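*Asks:* okay, here's the prediction I keep looking at, along with the sequence it came from:
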Amino acid sequence: MRRRGLARGAGAPVSRLVLGGLMIAIALACLGTPAAVGSGTGWSKPTKLAFVANPLVASTMPAVSCGSASFCATIDLAGYVLTWNGSSWDAPVKIDKPGNHLVDVSCASASFCIATDLAGNAITWNGTSWSKPVSVHKGARKPALLAVSCISASFCVAVDNEAGNALTWNGKSWSKPVHIDTHATGLSYASCASRSFCIAADEHGSAITWNGTSWSAPVKIDNSAKDPYYLDGVSCVSASFCMAIDGTGNTLTWNGSAWSTPVYVDPGFAGLGLFSVSCASSAFCVAVAAFGNVLTWNGSAWSTPVKIDKTRNDVADVSCASASRCIATDLAGNAMIYGP
């Protein structure tokens, strides 16, 4: 469903998005009330969500996931989660220690989500409450689980950044980590369309494919990115369609057998690139970029960037449950909703 352009070192993970969020968050300190969503079409105005504004823990929202048109969850790095019920946002709920830094969330439905953090923990939503953090990596070293993708309550994939591993969830427990990336580090994104098809992407421009049984070798699909973040996200809707983005404003499309060459779609933003992409179908995707901009894919071409966040905050993540419902979050704790 996510993610996010995070550059991480082994000892001190740092996000280029988060750094911008820190500068914004320093001036903010609030714990607001849930805000109702306005009616109408197109993108709503930014709505300030209740979040913990502590710049020391970077309380910005790096990820959002919609399990349906009437259920979404967004997390912040301070360990809080907020859920949307189709008309309003619930109050924030603390589910993790601030120092663990929640970084991703994936919702398969209104009754199942998994959130992951930089301390190697997974936290599960059952439709009513969140579980306690569960250590996915056993042992002293717990690599950062930077991305998770769930297609049901009985199948998810998570990837870590520090050891190049992937793990699968079977509905009851997590598998042991499987080393899938020859670069050792850099796995930052994952998207599953089914139990038998997932794509994991890394910061070296490579994609790795899951066929239901095993992972392929990394395949270099992006040689264009001069930015060290390389692939910044991937979203798969089927085994024959995925959309990937990189840190220099390019998109790449998977057609079931091969990846397209990179196509530059985000001009004029000083190489800041695209931050996240979410596809509801092969004919509808949304990518978010710097300075509050979004771009839309119609099945054959990308639109020009459209500013949806007048505050000029970078839009960090987006999730589309359908072609008529998307939610985007920015680095200052705002959410923008697309659709009626």
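*Replies:* Yep, that arrived. As the structure is a prediction and not an experimental result, all values here were calculated from the model.
*Asks:* mind listing what residue 236 touches?
*Replies:* If a contact means Cβ atoms under 8 Å, 6 or more residues apart in numbering, then residue 236 has 191, 192, 193, 197, 198, 199, 242, 254, 279 as its contacts. In short, each C-beta sits where N, CA and C put it, glycine included.
*Asks:* at 10 Å what do you get?
*Replies:* Counting by Cβ atoms under 10 Å, 6 or more residues apart in numbering, residue 236 makes contact with 1, 149, 151, 190-194, 197-199, 209, 242-244, 254, 279.
*Asks:* just the buried residues out of these, in ChimeraX syntax.
*Replies:* A single ChimeraX command is used to select the members of those judged buried by 16 or more other Cβ atoms under 10 Å:
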select :1,149,151,190,191,192,193,197,198,199,209,242,243,244,254,279
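*Asks:* look at residue 123 and report its pLDDT.
*Replies:* In the predicted model, residue 123 carries a pLDDT score of 98.
*Asks:* next: residue 325.
*Replies:* For residue 325, the pLDDT comes out at 95.
*Asks:* show the subsequent helix or strand relative to the worst-scoring helix or strand of the chain on mean pLDDT.
*Replies:* The weakest-scoring helix or strand in the chain, judged by mean pLDDT, DSSP states H and E, is helix 16-25 (a mean of 33). Once the chain leaves helix 16-25, the next helix or strand it forms, by DSSP states H and E, is strand 47-48.
*Asks:* mind giving me the packing neighbours of the next helix or strand after that following strand?
*Replies:* Downstream of strand 47-48, the next assigned helix or strand under DSSP H and E is strand 63-68. When contacts are defined as 3 or more Cβ pairs under 10 Å, 6 or more residues apart in numbering; DSSP states H and E, strand 63-68 sits against strand 71-75, strand 80-84, strand 102-109, strand 112-117, strand 145-152, strand 274-281, strand 315-322, strand 325-330.
*Asks:* partners of the fourth one, with directions?
*Replies:* Strand 112-117 has these partner strands in its sheet, going by DSSP bridges: strand 102-109 (antiparallel), strand 121-125 (antiparallel).
*Asks:* could you do the first one as well?
*Replies:* Under the criterion DSSP bridges, strand 71-75 sits next to strand 63-68 (antiparallel), strand 80-84 (antiparallel) in its sheet.
*Asks:* for the fifth one, same thing?
*Replies:* Applying DSSP bridges, strand 145-152 is found paired with strand 155-160 (antiparallel).
*Asks:* which elements pack onto whichever helix or strand comes after the partner strand?
*Replies:* Heading C-terminal from strand 155-160, the first helix or strand you meet, by DSSP H and E, is strand 165-169. Strand 165-169 is packed against strand 121-125, strand 145-152, strand 155-160, strand 178-179, strand 187-194, strand 197-202, strand 206-210, with contacts defined by 3+ Cβ pairs under 10 Å, 6+ apart.
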